[in-house]
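okay, sequence plus prediction incoming.
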Amino acid sequence: MGNKHSTVSEFSSCFSKSRGKISERLVVIQSSKGGSSGGVVGEGKTEQQVFVEMESTLKGIRDGASVLDLDPESTVGGGVEDIYGEDQATEDQLITPWTFSVASGYSLLRDPQYNKGLSFTEKEREAHYLRGLLPPIVLSQQLQEKKLMNSIREYQVPLQKYMAMMDLQERNERLFYKLLIDNVEELLPVVYTPTVGEACQKYGSIFRRPQGLYISLKEKGKILEVLKNWPERSIQVIVVTDGERILGLGDLGCQGMGIPVGKLSLYTALGGVRPSACLPVTIDVGTNNEKLLKDEFYIGLRQRRATGQEYSELLHEFVSAVKQNYGEKVLIQFEDFANHNAFDLLAKYGTTHLVFNDDIQGTASVVLAGVVSALKLIGGTLADHTFLFLGAGEAGTGIAELIALEISKQTNIPVEETRKKIWLVDSKGLIVSSRKDSLQHFKKPWAHEHEPVKNLLDAVKVIKPTVLIGSSGTGRTFTREVIEAVSSYNDKPLILALSNPTSQSECTAEEAYTWSEGRAIFASGSPFDPVEYNGKVFVPGQSNNAYIFPGLGLGLVISGAIRVHDDMLLAASEALAKQVTNENYEKGLIYPRFSDIRKISANIAAKVAAKAFELGLATRLPRPADLVKYAESCMYSPIYRSYR
Ligand SMILES: NC(=O)C1=CN([C@@H]2O[C@H](COP(=O)(O)OP(=O)(O)OC[C@H]3O[C@@H](n4cnc5c(N)ncnc54)[C@H](OP(=O)(O)O)[C@@H]3O)[C@@H](O)[C@H]2O)C=CC1
Ligand SMILES: CC(=O)C(=O)O
Ligand SMILES: [Mg+2]
């Protein structure tokens, strides 16, 4: 060490001396000629020897010596010699990218978890070697927030806003969450539906840095190792997709990664789960999307989807590796899988792992909450209503089942009977008993005795639903005729157009209000602006599982739950419905405002945790006395921390 011709050299530009301390504790040790084959790092030194020398160098540095003290011949401060062998490093001359770093100085500014940008105080700039790396002004976090909101509002194109938010997340995580929490109604459509849908469609072109783990068929047999590559160890929530049913946009393959990333940012902003405890995962088994397969910027495996045993083995390895690596209490949220896999995965792992399918279960919980709270406006009990769904997939049958379960609990009538008040239409028409043999298993419970009915309009006319729910993923399917028909015998029809993104919504808010002559109670999966009709302003609500999964997940985490139970979904739903205020009802809203979501999530979490304790599924003992307070105390806050 210390010799400039040594094969092991300190990467001196990373060091500088400031008042006897090392301003940047980053050392890179490189091999020069000869490479590092066979564990030898040039000139006969093994990696082990290099490591020991490097440790002792670091110790010297920590003890107050400077690089200059250690290496009198070093060219710190100038020189054009290739002392680090960088110029000689070709493809044949391998180097070892050793990097030991503790965030301070320049690396602190590059670390999104700790970076505060212009908000570093004078004291922190002094203590953390930031002098000169920042302009002299010190800004408060509020002012930074104002500045960023101003610049985000300048963008006219939603995707530009999305990219600006992603850039911020990668630059300054706390500021990103501060913005999202304080401006949730404005920014939710940017980081979540509808814009996240467009982002996924164009993910290959806008990709900058990986934001989660990509596990493809190439990683088969090595998934545990892949999980260990992720820098964080204490993971509490994983959102995983295989990209086959991204919103109502279909198969987007590996580009579905935008969904787990977006959902997890809501786990933090809306539910208070720490960002470092969240892991977005995309399982890449190929794609059947021909356009993507031909797209030169596509980032996934360029092959058609693996199915059958190959698919299930990869998923099994993933689920098992997660439990082995993070333990039994890590929540795996399945998101945007196609229904031919989603139901089976939930059934297979629901009894052995802490898994939750957001599209089936989270959606069910949020819609049940909306329907229950809407009863204040439309009258009657749940059991008094007749439900008709367009779409009999994950969302449709998931919601239908939870509504039937809740009616059964309320009336003591068996669920097989309560299902009979609920009807579903799929792409082939009304689901009826004569179709039973050819139906997918999750549709069979809904095959009631009835004549075949070919389409939604005819189904509306014969079933006469009081509640019409769209979960088809196909836009503009609630036509004028359909809404007029449902409004012809309902004073206040409840119409939920759940499909995302906005382009796939079964109808717009304006259509619902206009065609029902201002009588519909309306909510949609993606947000719509208020509508003026006949001199009155109607405010549409958003019926989206984002109301449920962050609070539900928080409840599972804080109680140390080991399984998800249907009663937890009912508890979450009830907690959400209870948060709707008279002020909301007066505007025709059946959900509370997203601006109150952290309080709502804490309440949902408390109810879910209470249920977990009651069912004997909680491991966090003893049970905290006040679960709402406990939930609130566990929630991540994006306020900057002070650094010693
Ligand atoms: N608001 C929210 O919180 C949520 C919204 N969603 C949205 O719901 C939509 C559906 O999701 P999901 O249930 O998982 O999807 P699935 O693919 O599981 O189900 C879609 C269903 O819609 C039916 N369908 C499609 N097009 C038509 C049509 N033109 N006429 C009649 N039926 C049709 C399909 O029929 P068939 O079976 O015959 O093919 C299928 O039964 C998506 O847009 C998604 O974004 C999902 C989860 C949450
Ligand atoms: C909201 C949601 O989960 C979906 O549209 O798939
Ligand atoms: Mg989803």
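Yep, it's here. Since this is a predicted model, take the numbers as computed values, not measurements. Ligands and ions are numbered 1, 2, ... in the order given.

and the residue nearest the centre of the chain, backbone torsions?
Computing the C-alpha centroid of the chain and ranking residues by C-alpha atoms, centre = their mean puts Lys263 first, at 1.8 Å. Dihedral pair for Lys263: phi -60, psi -40, per degrees, to the nearest 10.

pLDDT below threshold where in the stretch 1-150 of the chain?
By pLDDT under 70, the low-scoring segments of the stretch 1-150 of the chain are 1-92, 95, 98-102.

so which residues make contact with stretch 286-305?
203-205, 207, 216-218, 243-244, 250-255, 284-285, 306, 311 (C-beta atoms under 8 Å, 6 or more residues apart in numbering). Yep, even glycine has a C-beta here, placed from its N, CA and C like the rest.

restricting to C-alpha, output that stretch in CSV.
What follows is stretch 286-305 as a C-alpha-only set of coordinates in CSV (Å, rounded to 0.1, in the frame of the first residue of the first chain):
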residue,chain,number,x,y,z
GLY,A,286,-42.5,-13.7,-21.1
THR,A,287,-45.4,-11.9,-22.8
ASN,A,288,-48.0,-12.7,-25.4
ASN,A,289,-48.2,-9.0,-26.3
GLU,A,290,-47.0,-9.1,-30.0
LYS,A,291,-46.4,-5.3,-30.0
LEU,A,292,-44.0,-5.5,-27.1
LEU,A,293,-42.3,-8.6,-28.4
LYS,A,294,-41.4,-6.5,-31.5
ASP,A,295,-40.6,-3.3,-29.6
GLU,A,296,-36.8,-2.7,-29.6
PHE,A,297,-37.1,-0.9,-26.2
TYR,A,298,-39.0,-3.7,-24.5
ILE,A,299,-37.2,-4.6,-21.2
GLY,A,300,-38.5,-8.1,-20.6
LEU,A,301,-37.8,-11.6,-21.9
ARG,A,302,-38.5,-11.7,-25.6
GLN,A,303,-40.6,-14.9,-25.6
ARG,A,304,-44.2,-16.0,-25.2
ARG,A,305,-45.5,-16.6,-21.7
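
which positions in it come out as buried?
For stretch 286-305, the neighbour count (16 or more other C-beta atoms under 10 Å) marks 286-287, 289, 292-293, 295, 298-301, 305 as buried.

over to stretch 169-186?
Applying 16+ other C-beta under 10 Å to stretch 169-186 flags 169, 172-181, 183-184, 186 as buried.

cool, and stretch 306-325?
Buried-residue list, stretch 306-325, by 16+ other C-beta under 10 Å: 306, 311, 314-315, 317-319, 321-323, 325.

which of those fall in helices?
Of the positions in these, 311, 314-315, 317-319, 321-323, 325 sit in helices, assigned by DSSP state H.

out of the residues you listed, which one sits closest to Trp230?
Among these, Asn325 lies closest to Trp230 (C-beta to C-beta), at 9.2 Å.

please name the nearest non-neighbouring residue to that closest one.
Here the nearest residue to Asn325 in space, its sequence neighbours aside, is Leu227; by C-beta to C-beta, 6 or more residues apart in numbering that works out to 4.7 Å.

and what about that neighbour, helix, strand or coil?
The three-state label for Leu227, taken from DSSP: H, G, I helix; E, B strand; the rest coil, comes out as helix.

might you report the residue contacts of the closest residue to ligand 3 within the stretch 201-350 of the chain?
For the stretch 201-350 of the chain, the nearest residue to ligand 3 under the criterion C-beta to the ion is Asp336, separated by 4.5 Å. Remark: with contacts taken as C-beta under 8 Å, 6+ apart, Asp336 is in contact with 241, 243-247, 256, 259, 359.

could you do His340 as well?
Contacts for His340 (C-beta under 8 Å, 6+ apart) come out as Gln440.

can you name the next helix or strand after the helix or strand where it lies?
With elements delineated by DSSP states H and E, His340 resides in helix 339-349, which encompasses its position. Following the chain from helix 339-349 toward its C-terminal end, the next helix or strand by DSSP H and E is strand 355-357.

domains in this protein, as residue ranges please.
Segmentation of the chain into domains, based on automatic domain parsing, reads 47-60+354-633, 195-353.

redo those domains as JSON lines? Include distance to ligand 2.
JSON lines is the format used below for the domains of the chain (distance: least, C-beta to the nearest ligand atom, whole Å):
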{"stretch": "domain 47-60+354-633", "distance to ligand 2": "4"}
{"stretch": "domain 195-353", "distance to ligand 2": "5"}
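
what score does the residue of the stretch 351-500 of the chain found nearest ligand 3 have for pLDDT?
Closest approach between the stretch 351-500 of the chain and ligand 3, counting by C-beta to the ion: Asp359, at 4.4 Å. In the prediction, the pLDDT value recorded for Asp359 is 98.

the one helix or strand Thr282 maps to pairs with which strands?
Element membership for Thr282 (DSSP H and E) is strand 278-284. Strand pairing for strand 278-284, determined by DSSP bridges: strand 213-216 (parallel), strand 237-241 (parallel).

which of the ones you listed sits closest to Ser276?
Across the strands paired with strand 278-284, Ser276 has its closest neighbour in strand 237-241 (11.1 Å, C-beta to C-beta).

touching ligand 3 at all, the closest one?
No. Figure legend: strand 237-241 not in contact with ligand 3 (C-beta under 5 Å from the ion); closest approach 8.1 Å.

could you check the angle that strand makes with helix 339-349?
With axes from the mean of the first three to the mean of the last three C-alpha atoms, to 10 degrees as the criterion, the two stretches strand 237-241 and helix 339-349 enclose an angle of 150 degrees.

which residues sit against strand 237-241?
With contacts defined as C-beta under 8 Å, 6+ apart, strand 237-241 is touched by 256-257, 259-260, 263-264, 267, 273, 277-283, 318, 322, 330-337, 358, 553, 557.

what about 6 Å?
If you take C-beta atoms under 6 Å, 6 or more residues apart in numbering as the criterion, strand 237-241 is touched by 256, 259-260, 263-264, 267, 273, 278-282, 331-333, 335-336, 553.
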